[in-house]
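**Student:** pasting the structure only:
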Ligand SMILES: CC(=O)N[C@@H]1[C@@H](OP(=O)(O)OP(=O)(O)OC[C@H]2O[C@@H](n3ccc(=O)[nH]c3=O)[C@H](O)[C@@H]2O)O[C@H](CO)[C@@H](O)[C@@H]1O
């Protein structure tokens with residue numbers, strides 16, 4: 001049996017007990033974007049003989065994470081219990097639970113993605129237990145510890161702990177090399193988010209249809225560094241644009257965080273052509289993206305996904321750790337300033353030649369083969385045991 005038997009222990013833990021001769025690869029994650037970006041890796045790895053993949057859900061995100069897990073057909077092997085609403089309380093408790101889990105049976109590899117508290121805690125717990133850490137989406141940098149906070153600090157620290165670095169782009173690979181990481185520990189893979197998009201798009205036949213100029217404007221905004229005044233400015237800009245163009249439909253899936261819900265509803269509720277909706281599941285989001293004429297976002301993942309469907313993107317941040325889209329010509333940075341956002345949208349609405357040029361750029365973040373490359377590298381690292389299992393199977 002390739003994946004061991006399922007056991008249930010007291011309360012929150014439901015997990016697969018690995019067969020003794022299997023290598024254990026733990027995937028630790030807890031937020032919406034991590035689930036999306038690790039799902040392709042999980043599906044690619046879990047059918048490999050000799051490998052037992054444990055999906056450990058930290059509980060950092062609640063409902064938004066559950067929707068994503070369902071969408072990608074993932075039932076976590078271990079569910080940790082989130083205690084406390086604050087990031088600090090979550091962090092302390094999660095670290096203790098991860099350490100207890102890793103002390104029960106030795107893992108051979110711990111995979112984390114990106115720059116969340118869950119990813120950092122997974123890497124840190126593994127480091128203390130002398131477990132090798134593999135980092136998916138390694139090497140993204142702004143080199144500004146305040147923006148994005150706390151992600152920039154977390155991802156830099158994960159790079160210090162990891163021994164396998166899966167860089168999504170050449171720029172990310174160069175950053176890691178500049179920081180002194182040995183070239184043989186870095187693999188250029190592309191971003192797994194493109195794999196995830198292809199996974200869902202192929203299953204559900206999602207593709208852009210109709211006149212790309214007639215689609216809706218898709219908006220998302222939730223970044224911590226904009227909370228307060230800047231986020232209100234962003235929402236006022238959306239209201240200005242919608243009021244100036246009553247024929248233009250605006251779709252805004254609002255993050256569940258009350259810090260975002262409050263101002264989004266108070267500023268945009270009465271604007272008739274703005275549709276405020278709950279967060280979309282991944283399938284709905286890809287459909288919304290494919291049907292958009294323009295994307296306004298401070299989301300990292302959406303910046304990476306928009307070029308797949310040729311959707312021009314205005315980035316509502318002052319800097320981005322994903323400048324590849326700007327360099328390729330499919331995104332522009334406009335920041336969180338009200339006048340700048342309105343001016344940038346007006347420009348694209350008035351100059352379709354500029355918008356058209358942004359639509360016809362190949363996705364610079366990946367080609368849908370990242371999970372396969374990562375799986376091959378992981379198998380090579382676990383080689384001896386995995387080869388034995390393959391012969392026996
Ligand atoms: C500083 C920064 O850039 N940090 C990034 C940021 O991640 P993000 O900005 O990509 O996060 P989101 O915007 O939440 O998710 C995006 C994904 O979710 C899908 N989506 C979205 C709305 C919805 O209604 N339905 C959906 O399905 C969407 O298509 C996309 O794939 O924070 C993470 C944690 O701190 C970091 O790890 C990550 O580097």
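**Tutor:** It's in. Here the structure is a predicted model, which means the values were calculated and not measured.
**Student:** where does the stretch 201-350 of the chain dip in pLDDT?
**Tutor:** Counting by pLDDT under 70, the stretch 201-350 of the chain shows no low-confidence range.
**Student:** other SSEs contacting the longest helix belonging to the chain?
**Tutor:** Longest helix in the chain, counting residues (DSSP state H): helix 87-104. When contacts are defined as 3 or more CB pairs under 8 Å, 6 or more residues apart in numbering; DSSP states H and E, helix 87-104 packs onto helix 117-128. The way it works is simple: take the backbone N, C-alpha and C, and place the C-beta from them, glycine included.
**Student:** and the helix it packs on with helix 87-104, angle?
**Tutor:** Per axes from the mean of the first three to the mean of the last three CA atoms, to 10 degrees, the angle that helix 117-128 makes with helix 87-104 is 40 degrees.
**Student:** now check helix 117-128, is it near the ligand?
**Tutor:** No: interface with the ligand: helix 117-128 contributes nothing (CB under 6 Å from any ligand atom), its closest point being 7.0 Å away.
**Student:** list the buried ones in that helix?
**Tutor:** If you call a residue buried by 16 or more other CB atoms under 10 Å, then helix 117-128 has these buried ones: 117-127.
**Student:** check stretch 255-275 too.
**Tutor:** Neighbour-count burial for stretch 255-275, counted by 16+ other CB under 10 Å, picks out 255, 260, 263-264, 267-268, 271, 274.
**Student:** farthest pair in the residues you listed?
**Tutor:** Farthest apart among these by CB to CB are 255 and 271. That separation is 18.4 Å.
**Student:** for the closest residue to residue 103 other than its chain neighbours, give me phi and psi.
**Tutor:** Of all residues beyond its chain neighbours, the one nearest residue 103 is residue 129 (6.9 Å), with distances taken as CB to CB, 6 or more residues apart in numbering. Backbone geometry at residue 129, expressed as degrees, to the nearest 10, gives phi -90, psi 10.
**Student:** ok, residue 129 - how many residues close by?
**Tutor:** Residues lying near residue 129 (other CB atoms under 10 Å) number 15.
**Student:** identify the residues contacting residue 26.
**Tutor:** Going by CB atoms under 8 Å, 6 or more residues apart in numbering, residue 26 touches 53-54, 56, 102, 107, 109-111, 122, 126, 131.
**Student:** can you tell me the helix or strand for it?
**Tutor:** strand 23-29 (DSSP states H and E).
**Student:** any idea of the mean pLDDT for that strand?
**Tutor:** For strand 23-29, mean pLDDT is 96.
**Student:** ok, stretch 73-88 next?
**Tutor:** Here the average pLDDT along stretch 73-88 is 92.
**Student:** swap in stretch 144-155?
**Tutor:** 93.
**Student:** gap between the two ends of it?
**Tutor:** For stretch 144-155, the first and last residues are 12 Å from each other (CA to CA, to the nearest Å).
**Student:** contacts for that stretch?
**Tutor:** Residues contacting stretch 144-155 (CB under 8 Å, 6+ apart): 87, 114-117, 119-120, 138, 140-143, 223-225, 317-319, 321.
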